[in-house]
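1. sequence? don't have it. structure:
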């Protein structure tokens, strides 16, 4: 890996552990449909990607989820709780013994496919597990898909960051858990690292200290 000046972090499975099964089982409690049917809806219905792009408002997303569940009576709080079930926890050592140690040497940036509900939940989980606003205290810049109007693997997601801060692609590395996102970044000349779980993030950071 050539000289690195900038590190772009995904959030899910890179910074925060994800638990898709917990989310699906929480939705199943609100529906007569079994988990496999709900999983298929989650993977194939474009309402989720549209929400991540900011194409639809939160209320419209919740109504769409009610349709998928076949449960018009599901409350906003019930839907939000089930949807946030995918967000597990954050190991505080990732920040205090990891990211904090490299913050002065690299420009640290977040690029996440997310949405209004998950962004608020992530902030609450970070405050609970790390005890601080990690976006403000540990990262130099934060890019969230629903505010950008685009999402990975759209090249525009990385191009926006490179252009905003006059970064060189070859001096930038991107950490993500999804191969399709890594492949898209690599086409732009960005170096990439596959991170399956946050424990791998810690191990990789240790090589950069």
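-> Sure, I can see it. The structure presented is a predicted model; accordingly, all values stated were derived computationally and were not measured.
2. could you chop this structure up by domain?
-> 6-17+89-206, 20-86 (automatic domain parsing).
3. need the winner for burial among these.
-> Neighbour counts (mean count of other Cβ atoms under 10 Å) averaged over each of those peak at domain 6-17+89-206, with a mean of 18. For every residue, glycine as well, the C-beta is placed using N, CA and C.
4. and that domain, how far apart are its ends?
-> Domain 6-17+89-206 has an end-to-end distance of 16 Å (criterion: Cα to Cα, to the nearest Å).
5. name the helices or strands packed onto the host helix or strand of residue 41?
-> For residue 41, the element it lies in under DSSP states H and E is helix 35-44. Judged by 3 or more Cβ pairs under 8 Å, 6 or more residues apart in numbering; DSSP states H and E, the packing partners of helix 35-44 are helix 20-28, helix 58-69.
6. so which of the ones you listed is nearest residue 106?
-> Of all those, it is helix 20-28 that lies closest to residue 106, at 30.4 Å by Cβ to Cβ.
7. the closest one to helix 35-44, inter-axis angle?
-> Inter-element angle recorded for helix 20-28 and helix 35-44: 110 degrees (by axes from the mean of the first three to the mean of the last three Cα atoms, to 10 degrees).
8. what about helix 20-28, average pLDDT?
-> Summarised as a single mean, pLDDT over helix 20-28 is 97.
9. what angle separates it from helix 58-69?
-> Between helix 20-28 and helix 58-69, the angle comes out at 80 degrees (the same axes, to 10 degrees).
10. helix 20-28 packs against which elements?
-> By 3+ Cβ pairs under 8 Å, 6+ apart, helix 20-28 packs against helix 35-44, helix 76-83.
11. by mean pLDDT, show me the worst of those helices.
-> helix 35-44 (a mean of 95).
12. from the chain's centroid, how far away is it?
-> Remark: helix 35-44 is offset 20 Å from the chain centroid, using Cα atoms, centre = their mean, to the nearest Å.
13. how about stretch 15-23?
-> For stretch 15-23, the distance to the chain centre is 11 Å (Cα atoms, centre = their mean).
14. which residues sit against it?
-> The contact list for stretch 15-23, computed with Cβ atoms under 8 Å, 6 or more residues apart in numbering, reads 9, 12, 82-90, 94, 110, 122, 125, 134, 197-198, 201.
15. now intersect those with the helices, please.
-> Using DSSP state H, the subset of the contacts of stretch 15-23 located in helices is 82-83, 94, 122, 125, 134, 198, 201.
16. would you turn the residues you listed into TSV with distance to residue 176?
-> Formatted as TSV, the ones in helices among the contacts of stretch 15-23 follow (distance: Cβ to Cβ, whole Å):
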residue	distance to residue 176
82	25
83	21
94	16
122	16
125	20
134	18
198	12
201	11
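17. of those residues, closest to residue 25?
-> Of these, the one sitting nearest to residue 25 (Cβ to Cβ) turns out to be residue 82, at 8.8 Å.
18. which residues touch the closest residue to the closest one other than its chain neighbours?
-> Nearest residue to residue 82, sequence neighbours excluded (Cβ to Cβ, 6 or more residues apart in numbering): residue 26, at 3.7 Å. Going by Cβ under 8 Å, 6+ apart, residue 26 touches 81-82, 85.
19. and of those, the nearest to residue 75?
-> Relative to residue 75, the closest of those is residue 81; by Cβ to Cβ it sits at 9.2 Å.
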